[in-house]
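Participant: only the shape, not the letters, is given here:
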């Protein structure tokens, strides 16, 4: 995608020529020529809007400049820009609004918009309900700068990026930051469904929409499944028409097969799968994806992930993600980018599907009982934190852990305090959608890459609204989601779910806690949840289940050489990490000694450490 940004000065005027030179000198990708880009620089007294994008498809930045209003949007939404100057723009559904900011709030899509009201001298920043296009802000003195690309923000402000210890510990613990926190001090992230207004009175932020579960009292599963599927299919059709051609990223899971099956039959879309195994050409994911592709009659491309890819792509991955996601995850996503660059530059993904479906809820039946909400949320907070104090002290200086480790759980409690729902399965699903997706899925490399873009049909507003009506027992274990796919896609009923190796059951499971479970739950409620969970963690057995990511990082010799060198070359790293202990950790990692409870957790630990070190090399030092 391209990038958009805005700078607001409380005092002083805009130096347009300086801003243009700065914007043109910024390289989105390493060693790329500025001449490849189109630059839009729109000044208005003490504010300026900036866009940087490439003119070739797929279209990533929409804009309209007028006398009353000027509008820049990164992403897409269902708005007719030609009506903007009349003061009565129109959106899908035939509704008209005299206030363009309200018009944008009512629009549907995956976007962040900058609306400059020339009459009122106000800048409005409005994003979609799910923050599908991340946006960052920096307040320095009397100047506020916003940008969809974090490195562009640093470049335009000459801001030196200092690590935020809490943000980095969140990345090590959860795989992403939480809430408005980023990995850089002073930088904050805009929440989903936000409307920010900047004027001569200051900055005012509000949320025009909040995710809330409102479960149905009763519904027929088959009828509701058809209703939800139709809404999802409409979302797929709308997105496929916007971009015309591309591919669906297909795994062995449920989200991507649902998206692939909903693509209109006459559309120019293929399917793409990467092989997440070095030892065999066919993994369970690949075998399942191939079967889905054959049944749907779609062209199917399969790409192996090369060894050593993480170190080879390190600089580009850090530039595109600003280190907000552990580097091995965007390295996998980059396989899709390469496929996109070879084709139409567009991907239809199923990334957010699991969240509303209930995948982030544990298997405890207590999650559907409203009596046990507090206990189950506390368990989730403890279990979601991948690493204990004992594990992290292998890497971090003790004073860093003493100050910031206790704030990890506090940040999660703060996040959950904004969520609602009758059972914990509702609240954990809401957490995944509101806090995890914007910080993890939508912070990947695609969202800053200038040549490609993507869309997520699971973000269709009607579909999401219907999923927010599911009772607790329907969300639990993805009960309804599995049934919907089985019921509405009969051609795929015999295809196994690669995660379990089993076919979908074809019926809704009637989850009801036994008398014994109810009694044990009541007893658990009387015990201190947090200490009990920490005790379970301490005595948990290590799991030796194979992990592709673990082997991928461990066999990347260049990676280990480079991060060792960075560790010793940059003195500032020693303010956060215990250098000698990290050296010992690298030795252990190469030898196969585990510090975490599983190979998957060890891969996350090593991936986060690698990201932190590369971040110093490619981000912090650049400031």
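Facilitator: Sure, I can see it. The shown structure was predicted, so the numbers you read here are calculated from the model rather than taken from an experiment.

Participant: low-scoring stretches of this structure, by residue?
Facilitator: Along the chain, the model assigns pLDDT under 70 to residues 85-98, 279, 621-623.

Participant: show me it divided up by domain.
Facilitator: Domain assignment for the chain by automatic domain parsing gives 3-167+178-207, 211-388+407-526.

Participant: can I get these in CSV with distance to residue 606?
Facilitator: For the C-beta atoms, the positions are set from N, CA and C on the backbone; glycine is no exception. Formatted as CSV, the domains of the chain follow (distance: least, Cβ to Cβ, whole Å):
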stretch, distance to residue 606
domain 3-167+178-207, 17
domain 211-388+407-526, 8
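
Participant: so which of these is nearest residue 620?
Facilitator: domain 3-167+178-207 (5.0 Å; Cβ to Cβ).

Participant: and the residue nearest to residue 122 when sequence neighbours are not counted, how many neighbours does it have?
Facilitator: Spatial nearest neighbour of residue 122, chain neighbours left out: residue 199 (4.4 Å); criterion: Cβ to Cβ, 6 or more residues apart in numbering. Other residues within reach of residue 199, judged by other Cβ atoms under 10 Å, total 17.

Participant: list the contacts of the residue sitting nearest the centre point of the chain.
Facilitator: Nearest residue to the geometric centre of the chain (Cα atoms, centre = their mean): residue 441, 2.3 Å. By Cβ atoms under 8 Å, 6 or more residues apart in numbering, the contact list for residue 441 reads 351, 352.

Participant: picking up where we left off before, these two touch, right, the residue nearest to residue 122 and residue 123?
Facilitator: Yes: shown here, residue 199 and residue 123 form a contact pair, counting by Cβ atoms under 8 Å, at 7.5 Å.

Participant: if we can go back for a sec, quick check: bridge partners of the residue nearest to residue 122?
Facilitator: Beta-bridge pairing for residue 199 (DSSP bridges): residue 202.

Participant: OK, contacts around it?
Facilitator: Residues in contact with residue 199 (Cβ under 8 Å, 6+ apart) are 120, 121, 122, 123.

Participant: which ones among the residues you listed are found in helices?
Facilitator: If you go by DSSP state H, these have nothing in helices.

Participant: can you lay out these as a markdown table showing distance to residue 34 and neighbour count?
Facilitator: Converted to a markdown table, the contacts of residue 199 look like this (distance: Cβ to Cβ, whole Å; neighbours: other Cβ atoms under 10 Å):
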| residue | distance to residue 34 | neighbour count |
| --- | --- | --- |
| 120 | 34 | 13 |
| 121 | 31 | 14 |
| 122 | 31 | 18 |
| 123 | 26 | 25 |
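
Participant: which of those residues fall in strands?
Facilitator: The strands, defined by DSSP state E, take in 122, 123 from the contacts of residue 199.

Participant: nearest to residue 30, of the contacts of residue 199?
Facilitator: Checking the contacts of residue 199 against residue 30 by Cβ to Cβ gives residue 123 as the nearest, at 31.4 Å.

Participant: hmm, the closest one is touching residue 47, no?
Facilitator: Yes: using Cβ under 8 Å, residue 123 is in contact with residue 47, at 5.4 Å.

Participant: show me the common contact partners of the two, please.
Facilitator: Between them, residue 123 and residue 47 share these contacting residues under Cβ under 8 Å, 6+ apart: 6, 8, 116, 198.

Participant: restricted to strands, list those residues.
Facilitator: Short answer: those in strands (DSSP E) are 6, 8, 116, 198.

Participant: possible to save those residues as CSV with neighbour count?
Facilitator: As requested, those are exported to CSV (neighbours: other Cβ atoms under 10 Å):
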residue, neighbour count
6, 22
8, 20
116, 23
198, 22
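
Participant: which strands and helices lie in contact with the strand or helix carrying residue 294?
Facilitator: Taking DSSP states H and E as the criterion, residue 294 maps to helix 284-296. Counting contacts by 3 or more Cβ pairs under 8 Å, 6 or more residues apart in numbering; DSSP states H and E, helix 284-296 is packed against helix 254-262, strand 268-275, strand 300-304.

Participant: what's in contact with the shortest one?
Facilitator: This means strand 300-304. With contact meaning Cβ under 8 Å, 6+ apart, strand 300-304 is reached by 247, 250, 270-275, 281, 286, 289-290, 293-294, 335, 338-339.

Participant: go again using 7 Å as the cut-off
Facilitator: For strand 300-304, contacts defined as Cβ atoms under 7 Å, 6 or more residues apart in numbering pick out 270, 271, 272, 273, 274, 275, 286, 290, 293, 335, 339.

Participant: over to the second one?
Facilitator: Applying Cβ under 7 Å, 6+ apart, the set of residues contacting strand 268-275 from outside is 240, 244-251, 260, 263, 281, 283, 285-286, 289, 293, 298-305, 332, 335-336, 339, 348.

Participant: out of those, which are buried?
Facilitator: Buried members of these, scored by 16 or more other Cβ atoms under 10 Å, are 240, 246-251, 260, 263, 283, 285-286, 289, 293, 298, 300, 302, 305, 332, 335-336, 339, 348.

Participant: next, the angle from the lengthiest helix in the chain to helix 254-262.
Facilitator: Using DSSP H, we find that the single longest helix of the chain is helix 221-243. Here helix 221-243 points in a direction 70 degrees away from that of helix 254-262 (axes from the mean of the first three to the mean of the last three Cα atoms, to 10 degrees).

Participant: tell me how far the very next helix or strand once past helix 221-243 lies from the chain's centre.
Facilitator: For helix 221-243, the succeeding helix or strand toward the C-terminus, using DSSP H and E, is strand 245-249. How far strand 245-249 lies from its chain's middle: 19 Å, per Cα atoms, centre = their mean, to the nearest Å.

Participant: adjacent strands (with direction) for strand 245-249?
Facilitator: Taking DSSP bridges as the criterion, strand 245-249 pairs within the sheet with strand 268-275 (parallel), strand 346-348 (parallel).

Participant: can you pull the buried residues of the longest one?
Facilitator: For strand 268-275, burial by neighbour count (16+ other Cβ under 10 Å) applies to 269, 270, 271, 272, 273, 274, 275.

Participant: with stretch 453-470 instead?
Facilitator: 453-461, 463-464, 466-468, 470.

Participant: show me the residues you listed that map onto strands.
Facilitator: Taking DSSP E, the ones among the buried residues of stretch 453-470 that sit in strands are 453, 454, 455.

Participant: now those in CSV, with distance to residue 420?
Facilitator: As requested, those are arranged in CSV below (distance: Cβ to Cβ, whole Å):
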residue, distance to residue 420
453, 33
454, 30
455, 28
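
Participant: which one of those is nearest to residue 426?
Facilitator: Minimum distance to residue 426 across those is 26.3 Å, recorded for residue 455 (Cβ to Cβ).
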